[in-house]
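**Student:** Turn this into a model:
(2 chains)
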Amino acid sequence: MKITLNGESRTVDDGSTVNSLLLGLGLDPRKVAVERNREIVPKSQYAEVALAEGDVLEIVHFIGGGSHD
Amino acid sequence: MTDTLSDMLHDDGFEVAGRRFTSRLLVGTGKYKDFEETKLAIEASGAEIVTVAVRRVNLSDPSQPMLVDYVDPKVYTYLPNTAGCFDADSAVRTLRLAREAGGWDLVKLEVLGDQKTLYPNITETLLAAELLVKDGFKVMVYTNDDPIVAKRLEDMGCVAVMPLGSLIGSGLGIQNPVNIRLIKESLSVPVLVDAGVGTASDAAIAMELGCDGVLMNTAIAQAKDPIRMARAMKLAIEAGRLSYQAGRMPKKLYADPSSPLSGLI
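**Tutor:** The predicted model follows:
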């Protein structure tokens, strides 16, 4: 199925969860936050939240930033 | 130093959102050459609170080093900011993600007006502050040097108010010391100068006005030697605070000799 991930179109396996997506991308779930269709996905639910066709996901983390850039 | 002297010179630091911090210098983590330099500069600054930005993960290279690998969130208090947000909606969305990423609710809100001045957009800032406070966030808010707006932000429930010294990244220092002092005098929550500090003397001036602290990034990161400048800022903040507490001598129009005139030969 097709999803939009950080603004780019991607194909993922049917039955994917947020957790399997993160692991497949090589990301440490503890270091990121995920938004699905403009709703925050709590870390505790990564394994349960199944992805659906057309989902729009944002995966973010903390970067150096500062006062203002 | 004797115990008595060290007691006399002791600084309790400042309290925000129920937490006490010893260092009155808060630093940003952007614009450094690399993570190693970031780490050393922060260490030299003595800062306990560091601001961080929230951005999309680079999916093409997920294994690249991350800030958290160099600046330990267990050692430093991460203060997620909304740098780059120009409306209330994106600022609130960013901080909700930050809360989930970090697991804490102390945040820095800044909603900017335009690219040329990066001056705060006050109507959007007020809107975002209201939503965030309602949502349980502890909001430290970047604002202009208007005492009425500063008071309003405190009344809304912001835990710290952070007026600009001058334009973000300009290094022009404290352009309106009169207003900064008015803001400090009229608020009960901590007041920190945010933006505009260019060099150590600027930081000292902010502290001499009675501010609780200073937040800076570019002044350190873009100095020729960021690590030395970080230490200079730490000392300037301490010197400025001591000077404020000590209370300066009155200014006079004419000379006043330091040595007694009686007994002159």
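**Student:** Who does A:Val34 form a beta bridge with?
**Tutor:** The partner list for A:Val34 in beta bridges (DSSP bridges) reads A:Val41, A:Ile59.
**Student:** Does it touch A:Val18 like I think?
**Tutor:** Yes. Counting by CB atoms under 8 Å, A:Val34 does reach A:Val18; the two are 5.6 Å apart. (C-beta placed from N, C-alpha, C; glycine too.)
**Student:** shared neighbours, these two?
**Tutor:** Common neighbours of A:Val34 and A:Val18 (criterion: CB atoms under 8 Å, 6 or more residues apart in numbering or on different chains): A:41, A:46, A:57.
**Student:** For ChimeraX, write the selection for the buried entries among the residues you listed.
**Tutor:** With 16 or more other CB atoms under 10 Å in any protein chain shown as the criterion, this ChimeraX line picks the buried residues out of the shared contacts of A:Val34 and A:Val18:
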select /A:41,46,57
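**Student:** Go through the shared contacts of A:Val34 and A:Val18 and say which is closest to chain B.
**Tutor:** Chain B has its nearest neighbour among the shared contacts of A:Val34 and A:Val18 in A:Val41, at 7.8 Å by CB to the nearest CB.
**Student:** Poorly predicted segments of the chain, please.
**Tutor:** You didn't pick a chain, so chain A it is. A:66-69 (pLDDT under 70).
**Student:** Correction: the question concerned chain B.
**Tutor:** B:1.
**Student:** What is the burial count for B:Arg228?
**Tutor:** Residues contacting B:Arg228 under the criterion other CB atoms under 10 Å in any protein chain shown number 13.
**Student:** The residue nearest to it when sequence neighbours are not counted and B:Asp155: what is the separation?
**Tutor:** Take B:Arg228 and drop its neighbours on the chain: the residue closest to it by CB to CB, 6 or more residues apart in numbering or on different chains is B:Ala44, 7.6 Å away. Relative to B:Asp155, B:Ala44 is positioned 38 Å away (CB to CB, to the nearest Å).
**Student:** who has more neighbours, the two?
**Tutor:** B:Ala44 (19 against 9).
**Student:** Please identify which helix or strand holds that one.
**Tutor:** Using DSSP states H and E, B:Ala44 sits within helix B:35-45.
**Student:** Following element in sequence after the helix or strand harbouring B:Asp155, please.
**Tutor:** Under the criterion of DSSP H and E, B:Asp155 resides in helix B:147-156. Next along the chain after helix B:147-156, taking DSSP H and E as the criterion, comes strand B:160-163.
**Student:** Would you tell me what the next helix or strand after the helix or strand harbouring B:Ala91 is?
**Tutor:** Here B:Ala91, judged by DSSP H and E, is contained in helix B:88-102. Counting by DSSP H and E, the element after helix B:88-102 in chain order, helix or strand, is strand B:106-109.
**Student:** Around chain B, pick out the residues from chain A.
**Tutor:** A:5-8, A:25-27, A:31-35, A:38, A:40-43, A:58-69 (CB under 8 Å from any CB of the partner chain).
**Student:** Which of the residues you listed are buried, as a PyMOL select command?
**Tutor:** Burial among those is assessed by 16+ other CB under 10 Å; the matching PyMOL selection reads:
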select buried, chain A and resi 5+27+31+32+33+34+35+40+41+43+58+59+60+61+62+63+64+65+66+67+68+69
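**Student:** tell me which residues form a beta bridge with the closest residue to B:Leu109 other than its chain neighbours?
**Tutor:** In space, B:Leu109 comes closest to B:Val141 once its chain neighbours are excluded; the distance is 4.8 Å by CB to CB, 6+ apart. Taking DSSP bridges as the rule, B:Val141 bridges to B:Leu109, B:Val161.
**Student:** ok, B:Val141 - contacts?
**Tutor:** Listed by CB under 8 Å, 6+ apart, the contact set of B:Val141 reads B:108-110, B:125, B:129, B:153, B:158, B:160-162.
**Student:** again with B:Leu95
**Tutor:** Contacts of B:Leu95 (CB under 8 Å, 6+ apart): B:54, B:80, B:82, B:107, B:109, B:132, B:137.
**Student:** Could you pull out the helices in chain A for me?
**Tutor:** Using DSSP state H, the helices found in chain A span residues A:18-25.
**Student:** can you give me the strands for it?
**Tutor:** Assigned by DSSP state E, chain A shows strands spanning A:2-5, A:8-11, A:33-36, A:39-41, A:56-64.
**Student:** Spatially nearest residue to residue 40 (excluding sequence neighbours)?
**Tutor:** Picking chain A for this. Leaving out its chain neighbours, the residue that sits closest to A:Ile40 by CB to CB, 6+ apart is B:Glu100, at 5.1 Å.
**Student:** wrong chain, I was asking about chain B
**Tutor:** B:Ile227 (5.1 Å).
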